[in-house]
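A.B. asks: coords please:
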Amino acid sequence: MFRSYIAFIITITITATATAQIDYSSDIQPIFNAECTSCHGSSGGVNLSSYSALMSSNGNNYGSSVVVAGDPESSGLVDKIEANPQFGNRMPTNGPYLSTDDINTIRQWISEGANEVPTSNTIDKQLPSSFRLIGNYPNPFNPSTNIEFEMSEPAQYTISIYSIHGQLLMEEIGFANSGVASIPIDMQYNPSGVYLYQISIFDNGTTKVIGTGRMTLIK
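C.D. replies: Okay, the predicted model is just below:
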(Lines give C-alpha, C1' and ligand atoms only; values in the text may rest on other atoms or scores of the structure.)
Protein backbone atom coordinates (compact mmCIF):
# COMPACT_ATOMS: atom_id res chain seq x y z
CA MET A 1 0.00 0.00 0.00
CA PHE A 2 1.28 3.43 -0.85
CA ARG A 3 1.96 5.75 2.06
CA SER A 4 -1.04 7.83 3.09
CA TYR A 5 -1.30 11.45 2.11
CA ILE A 6 0.89 11.15 -0.98
CA ALA A 7 1.51 14.72 -2.08
CA PHE A 8 0.82 15.83 -5.60
CA ILE A 9 -0.01 19.13 -7.29
CA ILE A 10 -3.31 19.63 -9.07
CA THR A 11 -4.06 22.66 -11.21
CA ILE A 12 -7.62 22.97 -12.41
CA THR A 13 -8.85 24.73 -15.53
CA ILE A 14 -12.29 24.39 -17.00
CA THR A 15 -12.66 24.60 -20.77
CA ALA A 16 -15.57 24.35 -23.15
CA THR A 17 -13.70 24.49 -26.40
CA ALA A 18 -14.40 22.37 -29.45
CA THR A 19 -12.10 21.12 -32.16
CA ALA A 20 -12.56 19.36 -35.45
CA GLN A 21 -13.66 15.78 -35.01
CA ILE A 22 -11.49 12.78 -35.83
CA ASP A 23 -12.01 11.33 -39.31
CA TYR A 24 -11.80 7.54 -39.43
CA SER A 25 -10.37 7.12 -42.93
CA SER A 26 -7.63 9.72 -42.59
CA ASP A 27 -6.86 9.57 -38.85
CA ILE A 28 -7.68 6.07 -37.55
CA GLN A 29 -7.33 3.53 -40.37
CA PRO A 30 -3.72 4.61 -41.19
CA ILE A 31 -2.74 3.76 -37.59
CA PHE A 32 -4.20 0.27 -37.94
CA ASN A 33 -2.63 -0.22 -41.38
CA ALA A 34 0.80 0.67 -40.05
CA GLU A 35 0.71 -1.21 -36.76
CA CYS A 36 -2.13 -3.72 -36.53
CA THR A 37 -3.53 -5.23 -39.73
CA SER A 38 -0.61 -7.57 -40.30
CA CYS A 39 -2.10 -9.66 -37.47
CA HIS A 40 -5.67 -8.35 -37.38
CA GLY A 41 -6.54 -7.98 -41.06
CA SER A 42 -8.36 -11.22 -41.76
CA SER A 43 -12.03 -12.03 -41.65
CA GLY A 44 -11.76 -13.97 -38.39
CA GLY A 45 -11.48 -12.61 -34.87
CA VAL A 46 -10.79 -8.90 -34.40
CA ASN A 47 -10.46 -7.37 -37.86
CA LEU A 48 -9.00 -3.87 -38.17
CA SER A 49 -8.83 -3.73 -41.97
CA SER A 50 -11.83 -1.42 -42.38
CA TYR A 51 -14.42 0.57 -40.44
CA SER A 52 -17.19 -2.00 -40.96
CA ALA A 53 -14.89 -4.88 -40.00
CA LEU A 54 -13.76 -3.11 -36.84
CA MET A 55 -17.24 -2.15 -35.71
CA SER A 56 -18.52 -5.73 -36.16
CA SER A 57 -15.59 -7.28 -34.27
CA ASN A 58 -16.27 -8.70 -30.82
CA GLY A 59 -13.83 -9.19 -27.98
CA ASN A 60 -14.39 -12.65 -26.58
CA ASN A 61 -12.85 -11.76 -23.23
CA TYR A 62 -14.73 -8.47 -22.97
CA GLY A 63 -18.17 -9.80 -23.84
CA SER A 64 -18.96 -6.99 -26.27
CA SER A 65 -17.82 -5.20 -29.40
CA VAL A 66 -14.21 -4.09 -29.21
CA VAL A 67 -15.39 -0.51 -29.79
CA VAL A 68 -18.15 0.90 -27.58
CA ALA A 69 -19.14 4.19 -29.22
CA GLY A 70 -18.81 7.12 -26.83
CA ASP A 71 -17.09 5.07 -24.13
CA PRO A 72 -13.34 4.42 -24.56
CA GLU A 73 -13.08 3.04 -21.02
CA SER A 74 -15.42 0.16 -21.94
CA SER A 75 -13.82 -0.49 -25.33
CA GLY A 76 -11.66 -3.59 -25.46
CA LEU A 77 -9.63 -2.04 -28.28
CA VAL A 78 -8.43 0.75 -25.99
CA ASP A 79 -7.69 -1.64 -23.15
CA LYS A 80 -5.51 -3.83 -25.39
CA ILE A 81 -3.39 -0.98 -26.81
CA GLU A 82 -2.69 0.58 -23.41
CA ALA A 83 -0.37 -0.70 -20.71
CA ASN A 84 -1.55 -3.47 -18.37
CA PRO A 85 -4.64 -4.74 -20.25
CA GLN A 86 -7.23 -6.75 -18.33
CA PHE A 87 -6.74 -9.81 -20.54
CA GLY A 88 -3.63 -11.19 -22.19
CA ASN A 89 -0.77 -9.11 -23.54
CA ARG A 90 -0.64 -5.55 -24.71
CA MET A 91 -1.00 -5.07 -28.46
CA PRO A 92 0.74 -5.06 -30.88
CA THR A 93 2.26 -8.26 -29.49
CA ASN A 94 5.84 -7.68 -28.30
CA GLY A 95 5.72 -4.07 -29.56
CA PRO A 96 6.63 -1.56 -30.68
CA TYR A 97 3.47 -0.22 -29.08
CA LEU A 98 1.31 2.59 -30.37
CA SER A 99 2.50 6.08 -29.53
CA THR A 100 0.71 8.17 -26.92
CA ASP A 101 -0.55 10.45 -29.70
CA ASP A 102 -2.01 7.51 -31.63
CA ILE A 103 -3.70 6.13 -28.53
CA ASN A 104 -5.17 9.54 -27.70
CA THR A 105 -6.44 9.90 -31.27
CA ILE A 106 -8.23 6.53 -31.04
CA ARG A 107 -9.63 7.45 -27.63
CA GLN A 108 -10.91 10.79 -28.90
CA TRP A 109 -12.49 9.16 -31.95
CA ILE A 110 -14.38 6.70 -29.73
CA SER A 111 -15.42 9.49 -27.33
CA GLU A 112 -16.85 11.42 -30.27
CA GLY A 113 -19.10 8.48 -31.17
CA ALA A 114 -16.79 6.24 -33.24
CA ASN A 115 -18.30 7.54 -36.47
CA GLU A 116 -16.95 6.65 -39.90
CA VAL A 117 -17.55 10.24 -41.06
CA PRO A 118 -17.36 13.18 -38.62
CA THR A 119 -20.80 14.42 -37.70
CA SER A 120 -19.56 18.00 -37.44
CA ASN A 121 -16.35 19.93 -37.90
CA THR A 122 -17.73 23.23 -36.66
CA ILE A 123 -17.02 24.84 -33.31
CA ASP A 124 -20.74 25.13 -32.56
CA LYS A 125 -21.11 21.78 -30.85
CA GLN A 126 -24.27 20.98 -28.93
CA LEU A 127 -23.97 20.76 -25.18
CA PRO A 128 -24.04 17.22 -23.79
CA SER A 129 -27.42 15.85 -22.73
CA SER A 130 -26.07 14.19 -19.59
CA PHE A 131 -23.11 14.03 -17.21
CA ARG A 132 -20.43 11.65 -18.51
CA LEU A 133 -16.81 10.79 -17.83
CA ILE A 134 -14.70 10.98 -20.98
CA GLY A 135 -11.44 9.70 -19.52
CA ASN A 136 -7.92 10.90 -18.91
CA TYR A 137 -5.40 11.75 -21.61
CA PRO A 138 -2.66 10.77 -22.11
CA ASN A 139 -2.75 7.40 -20.42
CA PRO A 140 -0.16 6.12 -19.56
CA PHE A 141 1.46 9.48 -18.78
CA ASN A 142 4.56 11.14 -17.35
CA PRO A 143 4.20 13.25 -15.32
CA SER A 144 0.85 14.90 -16.14
CA THR A 145 -2.53 13.91 -17.53
CA ASN A 146 -5.95 15.52 -18.01
CA ILE A 147 -9.18 14.14 -16.56
CA GLU A 148 -12.11 15.15 -18.77
CA PHE A 149 -15.86 14.85 -18.27
CA GLU A 150 -19.01 16.30 -19.83
CA MET A 151 -21.45 18.52 -17.96
CA SER A 152 -25.04 18.87 -19.19
CA GLU A 153 -25.55 21.79 -16.80
CA PRO A 154 -23.49 23.77 -14.27
CA ALA A 155 -22.87 21.69 -11.15
CA GLN A 156 -20.47 20.98 -8.32
CA TYR A 157 -18.15 18.04 -8.89
CA THR A 158 -15.85 15.97 -6.71
CA ILE A 159 -12.76 14.18 -8.00
CA SER A 160 -11.59 11.35 -5.74
CA ILE A 161 -8.22 9.73 -6.43
CA TYR A 162 -7.27 6.36 -4.95
CA SER A 163 -4.29 4.07 -4.82
CA ILE A 164 -4.62 0.74 -6.65
CA HIS A 165 -5.41 -0.78 -3.24
CA GLY A 166 -8.43 1.47 -2.79
CA GLN A 167 -6.88 3.95 -0.35
CA LEU A 168 -8.35 7.44 -0.80
CA LEU A 169 -5.43 9.78 -1.49
CA MET A 170 -7.28 13.04 -2.02
CA GLU A 171 -10.54 14.71 -2.98
CA GLU A 172 -10.88 17.87 -5.04
CA ILE A 173 -14.18 19.76 -5.07
CA GLY A 174 -14.95 22.36 -7.72
CA PHE A 175 -17.65 23.85 -9.91
CA ALA A 176 -17.91 23.41 -13.68
CA ASN A 177 -20.12 25.02 -16.27
CA SER A 178 -21.96 23.20 -19.05
CA GLY A 179 -19.69 21.61 -21.64
CA VAL A 180 -16.42 19.75 -21.26
CA ALA A 181 -14.45 20.09 -18.02
CA SER A 182 -10.72 19.37 -18.33
CA ILE A 183 -8.65 18.94 -15.18
CA PRO A 184 -4.84 18.83 -15.69
CA ILE A 185 -3.10 16.74 -13.05
CA ASP A 186 0.64 16.87 -12.38
CA MET A 187 1.89 13.74 -10.57
CA GLN A 188 5.63 14.35 -10.81
CA TYR A 189 6.06 13.78 -7.07
CA ASN A 190 4.32 10.39 -7.09
CA PRO A 191 5.81 6.95 -7.75
CA SER A 192 5.10 5.04 -10.93
CA GLY A 193 2.01 2.87 -10.72
CA VAL A 194 -1.70 2.54 -11.38
CA TYR A 195 -4.09 5.02 -9.78
CA LEU A 196 -7.89 5.02 -9.73
CA TYR A 197 -10.18 8.02 -9.89
CA GLN A 198 -13.91 8.66 -9.51
CA ILE A 199 -15.94 11.65 -10.64
CA SER A 200 -19.19 12.50 -8.83
CA ILE A 201 -21.66 15.33 -9.39
CA PHE A 202 -23.87 17.07 -6.83
CA ASP A 203 -27.07 17.69 -8.81
CA ASN A 204 -30.55 18.58 -7.53
CA GLY A 205 -29.59 17.71 -3.97
CA THR A 206 -28.22 14.28 -4.93
CA THR A 207 -24.67 13.04 -5.36
CA LYS A 208 -24.27 10.96 -8.53
CA VAL A 209 -21.19 9.01 -9.58
CA ILE A 210 -20.74 9.66 -13.32
CA GLY A 211 -17.73 7.46 -13.89
CA THR A 212 -14.54 5.83 -12.69
CA GLY A 213 -11.24 5.41 -14.46
CA ARG A 214 -7.77 3.97 -14.22
CA MET A 215 -4.62 5.92 -14.99
CA THR A 216 -1.04 4.73 -15.16
CA LEU A 217 1.96 6.86 -14.21
CA ILE A 218 5.18 5.67 -15.85
CA LYS A 219 8.48 7.39 -15.04
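
A.B. asks: Every contact and neighbour count from this point should use C-alpha atoms.
C.D. replies: Will do.

A.B. asks: so where is this structure shaky, pLDDT-wise?
C.D. replies: Regions of the chain meeting the criterion pLDDT under 70 cover residues 1-20, 43-44, 119-129.

A.B. asks: And the strands in it?
C.D. replies: Counting by DSSP state E, one finds strands in the chain at the ranges 9-10, 13-14, 58-59, 64-65, 132-137, 144-151, 155-163, 168-176, 179-186, 193-203, 206-217.

A.B. asks: Identify, out of the ones you listed, the most deeply packed stretch.
C.D. replies: strand 132-137 (a mean of 24; mean count of other CA atoms under 10 Å).

A.B. asks: so that strand versus strand 144-151, what angle?
C.D. replies: Angle, strand 132-137 to strand 144-151, by axes from the mean of the first three to the mean of the last three CA atoms, to 10 degrees: 170 degrees.

A.B. asks: Name the surrounding residues that touch strand 132-137.
C.D. replies: Residues outside strand 132-137 that contact it (CA atoms under 8 Å, 6 or more residues apart in numbering): 71-73, 104, 111, 145-151, 199, 210-213, 215.

A.B. asks: Residue 205: neighbour count?
C.D. replies: Taking other CA atoms under 10 Å as the neighbour definition, residue 205 ends up with a count of 7.

A.B. asks: center of the protein, which residue is that?
C.D. replies: Central residue of the chain (CA atoms, centre = their mean): residue 135, 3.5 Å from the mean position.

A.B. asks: which residues touch residue 157?
C.D. replies: Contacts of residue 157 (CA under 8 Å, 6+ apart): 173-176, 199-202.

A.B. asks: Show me the beta-bridge partners of it.
C.D. replies: In this structure, residue 157 bridges to residue 174, residue 201 when assessed by DSSP bridges.

A.B. asks: So which elements touch the lengthiest helix in the chain?
C.D. replies: Here the longest helix in the chain is taken by residue count, with DSSP state H as the criterion, and it is helix 100-111. If contacts are counted by 3 or more CA pairs under 8 Å, 6 or more residues apart in numbering; DSSP states H and E, helix 100-111 sits against helix 76-81.
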